[in-house]
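Student: 3D model of this:
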Amino acid sequence: MGRPRQHTAATDTGLWPLMRAYLDWARTTSGSNDTHRRRDAALRRFNAWCGERDLQHPAELARPILERYQRHLQDARKSDGRPLTRGSQHVLLTPLKGFFRWLVRERRLLVNPAAEWVLPKRPRQLPHTLLSVEDIEAVFAQPDLQTVEGLRDRAILEAFYATGIRRLELANLDLGDVDHRHLTLLIRAGKGGRDRFVPLGQRALHWIERYRQESRPALQNDPTESALFLTDQGTRFRRSALSARVKRLLAKAHLQRPGSCHLFRHACATHMLRGGADLRVIQALLGHQSLETTPLYTHVALDHLAKIHAATHPLVNLEPDAAPETATATATAPESRS
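Tutor: Residues are numbered from 1 along each chain as shown. Sure, this is the predicted structure:
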């Protein structure tokens, strides 16, 4: 007898041509390259799972099949034996909902089996640590400004903290995205595929201009390279390279914190909230599509709120036994007449 067929390739089933057509369509509509890669990986994984069960056509993928795949992901293990997090499951399942919406739109299905499919919610975790203003300044002091690399690194750090942009958004910045007149950066195709302007400020602009005039020409190998920030090899930064560089600078400042570039995003948002910025301003700055994400930063600022509350509330610091008596005395005391 022959060996059973192994469905390991993403093209093993009749579903793949449709998935590929959907991926091509989705790539032309919206989303960053990172989003496209995640969507592609999620559909390939689902397609391989369908192939192992001889599911060849969209009509076979009823709601119970999708829920069965969801349970499969809940039981799946990573290479180190750990289960997939709810966030990872969400990333793997969300593209399937888009795929089934597209199938209905293209009249490949009459009914969308994923229309009311409830996916695991991604946990909204608070930042584990927050950099203080003093911490930020300590990191700023680490690059050697006598070198082209050090001047570039200082400009990168200043841009991260001044704008709160994501590392991919910083890596994607081009020379023409800096608006000197209005002191802004143009963020092209940020998360969700949306463009936006973010304020930059005089200080960050100063360091970016110093880098652009004094360092970037020495780093540039290709005269056609449009990236604002260049690596030591003269190419556009990858996200991993940005993270590694920022981690080294944090370590030099003796700040052993989990995270790297995103720490500056958290610090920017939280420090602005503490300074009185409106939540919708923070939402626009960070590029959050919904206010549901932005309130995360208000929780980080609760320690500051607690201090203000303790310093200004008339009763909060009274001893428990004294509070009722004092409050009653205050309420019944006759008004003084002058």
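
Student: can you list the weak-confidence ranges in this structure?
Tutor: Applying pLDDT under 70 to the chain picks out residues 1-13, 30-32, 122-129, 189-193, 288-338.

Student: where along it do the strands fall?
Tutor: Secondary structure of the chain, counting by DSSP state E: strands at 178-179, 184-187, 196-199.

Student: from the ones you listed, which stretch is densest packed?
Tutor: Neighbour counts (mean count of other CB atoms under 10 Å) averaged over each of the strands of the chain peak at strand 184-187, with a mean of 20. C-beta here means a position set from N, CA and C on the backbone, and glycine is covered the same way.

Student: packing partners for that strand?
Tutor: When contacts are defined as 3 or more CB pairs under 8 Å, 6 or more residues apart in numbering; DSSP states H and E, strand 184-187 sits against strand 178-179, strand 196-199.

Student: got a markdown table for these, with distance to F229 too?
Tutor: Below are these laid out as a markdown table (distance: least, CB to CB, whole Å):
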| stretch | distance to F229 |
| --- | --- |
| strand 178-179 | 11 |
| strand 196-199 | 16 |
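
Student: and this protein, what are its domains?
Tutor: Annotated domains of the chain cover 16-105, 133-302 [automatic domain parsing].

Student: So for L119, which of the ones you listed sits nearest?
Tutor: L119 sits nearest to domain 16-105 of all those, at 5.0 Å, using CB to CB.

Student: how far out from the middle of the chain is the closest one?
Tutor: How far domain 16-105 lies from its chain's middle: 21 Å, per CA atoms, centre = their mean, to the nearest Å.

Student: For N47, which of the helices and strands packed on strand 184-187 is the nearest?
Tutor: strand 196-199 (34.5 Å).

Student: which residues touch R212?
Tutor: Contacts for R212 (CB atoms under 8 Å, 6 or more residues apart in numbering) come out as A155, L175, L228.

Student: if we go to 10 Å?
Tutor: Applying CB atoms under 10 Å, 6 or more residues apart in numbering, we find R212 in contact with L151, R152, A155, L175, V178, L228, F229.

Student: Out of the residues you listed, list just those in helices.
Tutor: Among those, the residues falling in helices (DSSP state H) are L151, R152, A155.

Student: For the residues you listed, which entry has the maximal number of neighbours?
Tutor: R152 (28 neighbours; other CB atoms under 10 Å).

Student: what about it, distance to H182?
Tutor: Noted for R152: a distance of 24 Å to H182, by CB to CB, to the nearest Å.

Student: ok, now T94?
Tutor: Noted for T94: a distance of 36 Å to H182, by CB to CB.

Student: neighbour-wise, which of those two wins?
Tutor: T94 (15 against 9).

Student: mind listing what the nearest residue to the more buried one once chain neighbours are set aside touches?
Tutor: Leaving out its chain neighbours, the residue that sits closest to T94 by CB to CB, 6 or more residues apart in numbering is L119, at 6.5 Å. For L119, the contacting residues are Q70, R86, Q89, H90, V91, L92, L93, T94, L96, K97, by CB under 10 Å, 6+ apart.

Student: next one: L96
Tutor: Counting by CB under 10 Å, 6+ apart, L96 makes contact with 19, 39, 42-43, 45-46, 61, 66, 69-70, 113-114, 117, 119.

Student: Adding distance to V246, write those residues out as CSV.
Tutor: Shown next, in CSV, are the contacts of L96 (distance: CB to CB, whole Å):
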residue, distance to V246
M19, 36
R39, 27
A42, 29
L43, 32
R45, 31
F46, 35
L61, 43
L66, 40
Y69, 37
Q70, 36
P113, 44
A114, 39
W117, 38
L119, 32
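
Student: and stretch 150-167, how far from the chain's centre?
Tutor: Distance of stretch 150-167 from its chain centroid, counting by CA atoms, centre = their mean, is 16 Å.

Student: returning to what we had before: nearest to V104, out of the strands of the chain?
Tutor: Of all those, strand 196-199 comes closest under CB to CB, at 31.2 Å.

Student: partners of that closest one, with directions?
Tutor: If you go by DSSP bridges, strand 196-199 pairs up with strand 184-187 (antiparallel).

Student: Can you give me the first-to-last residue distance of stretch 105-117?
Tutor: Stretch 105-117 has an end-to-end distance of 18 Å (criterion: CA to CA, to the nearest Å).
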